[in-house]
Structure formats: C-alpha cells, structure tokens
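In: Quick one, fold the following:
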Amino acid sequence: MSVALHGFSQSLLTDIFCADCLSPDRSVWFCYRLSCTDFKFRRWSKMKELVAEGNVGELQKYFGSRMEFGTAGLRAAMGAGISHMNDLTIIQTTQGFCRYLEKNFSDLKKRGVVIGFDARAHLSSGGSSKRFARLAANTFISQGVPVYLFSDITPTPFVPYTVTHLKLCAGIMVTASHNPKQDNGYKVFLNDLFFFIFVVF
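Out: Reported below is the predicted structural model:
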C-alpha cells in the first residue's frame, strides 16, 4: 500500500468550505448550519420534519446529550445533532483538542499534527472519515498549526508511528474501528516522552 503524506502550512481549501468560514463573526451561523444540515440539506429536512411532528423523543436522540471521550476516543453514529458524529462535532472537538495542545506544547505551531482516516462513509448523513479528517485539518490550519494529512485511507498504526517519526505533537485517526458501519470515531494520540496516550478533555 502506498499512501502519500501531505504537509500543509497554509490554508487548506476543500470542496466543503474554506478556513475563513470559521472566523468569529460567522461562527454562530456556521455552527448552527453544520449541526442541522450538510451541503445537500439531507439532515436539515429530517430535523424540520421532526420539529413539525413535535417528535421530542426522536429529537432528544440527536440533541439530548453530547458525545463523551471513552477509553478509545469518541465513537457514535454519523448523523445530525451534538450526540452524533458530524461536521459540527468534529470541528468543535478539534477546536478543543487544539486548545489543549496549545496549553501543553509551546512548539505546537512549529511541530504540528498528523491526521489519518479510514474508508467509512454514510450516504444518508453525508458524513465520511475523509470529510471529517479534512475538516479537522482545516480547523488546525485556521489556528496556524501545520498539518500532515494522509492522502488516502490509512491503517490506524500509521498515525502514532508518524507522530514519533516526524516528532509531531499529536495525531488524530478518524475511525470507529470495529464498530458498525454507520458509526465513526475520533482517536487522539499524544507523543509524550515516546508514550502514546488517549486524551480526555
């Protein structure tokens, strides 16, 4: 398997959005839009339908509680709302992780991070590991952090190996491992004295 590793130090433009969409004056609109919809409006129409029906029970499944880090990072079904893996929750998680790294690594903006992803895709929600990895990369880049983003699907061990090999601050692997195909996950690795740990924040 041959996988290229691309280093980005300037704005990473994707077919999804560009980093300046995350500027503070647009963040409220952007987060609301991402929590309910994707670029094809699949999720938005479903949420509108549930609200119109007054289906509080079903809405609770999407917005009742946030995902939490477990022993192997975040894992949940891909879909709308704060309890699922989607554009908003990936961006928010990455913003939190970036803040954590800024507090704990004074050289973060010099060393950077690596991001890998698996082959998962969920057509009904528009989510995919590749999309989530690119969103995470864009979030770091918007804060001036260099990102090494794998160009193709990547085995999980490649990420911690790359952290050590390139002496990076951290790595992210977008995968739900053995979970069902509708799920996705966000694994975090730190290089702390050559010791990898999962971060809980």
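
In: which strands and helices sit next to the longest helix along the chain?
Out: Longest among the helix segments of the chain by residue count, using DSSP state H, is helix 87-104. Here helix 87-104 touches helix 27-36, helix 129-142, strand 170-174, strand 183-190, going by 3 or more C-beta pairs under 8 Å, 6 or more residues apart in numbering; DSSP states H and E. Where you see a C-beta, it was placed from the backbone N, CA and C, and this is true even at glycine.

In: Of the ones you listed, flag the one that's most buried.
Out: Burial of the helices and strands packed on helix 87-104 is given as mean neighbour count (mean count of other C-beta atoms under 10 Å); strand 170-174 ranks first at a mean of 27.

In: how far away is Leu168 from Thr162?
Out: The spacing between Leu168 and Thr162, counted by C-beta to C-beta, to the nearest Å, is 7 Å.

In: Could you name every residue contacting both of those two?
Out: When contacts are counted by C-beta atoms under 8 Å, 6 or more residues apart in numbering, the set common to Leu168 and Thr162 consists of 114, 148.

In: if we can go back for a sec, how distant is the longest helix of the chain from the center of its chain?
Out: 9 Å (C-alpha atoms, centre = their mean, to the nearest Å).

In: so that helix versus helix 129-142, what angle?
Out: 40 degrees (axes from the mean of the first three to the mean of the last three C-alpha atoms, to 10 degrees).

In: what about the closest residue in space to Phe140 that isn't next to it in sequence, how many neighbours?
Out: Distances taken as C-beta to C-beta, 6 or more residues apart in numbering put Val147 closest to Phe140, at 5.0 Å, once the chain neighbours are dropped. Applying other C-beta atoms under 10 Å, we find 23 other residues in the vicinity of Val147.

In: gap between the residue lying farthest from the centre of the chain and Arg66?
Out: Note on the chain: the largest C-alpha distance from the chain mean falls to Glu53, namely 31.2 Å (C-alpha atoms, centre = their mean). According to C-beta to C-beta, Glu53 and Arg66 sit 24 Å apart.

In: and what of Leu74?
Out: Separation of Leu74 from Arg66 (C-beta to C-beta): 10 Å.

In: who's more crowded, the two?
Out: Taking neighbours as other C-beta under 10 Å, Leu74 and Arg66 compare with Leu74 leading, 20 against 13.

In: Could you grab the helix/strand/coil label for that one?
Out: strand (DSSP: H, G, I helix; E, B strand; the rest coil).

In: Do I have it right that it meets Tyr186?
Out: Yes - between Leu74 and Tyr186 there is a contact at 4.2 Å, judged by C-beta atoms under 8 Å.

In: Quickly list what's touching both of the two.
Out: With C-beta under 8 Å, 6+ apart as the test, Leu74 and Tyr186 both reach 85, 93.

In: Tell me the pLDDT of the residue nearest the centre of the chain.
Out: Central residue of the chain (C-alpha atoms, centre = their mean): Ile90, 3.4 Å from the mean position. Listed pLDDT for Ile90 reads 93.
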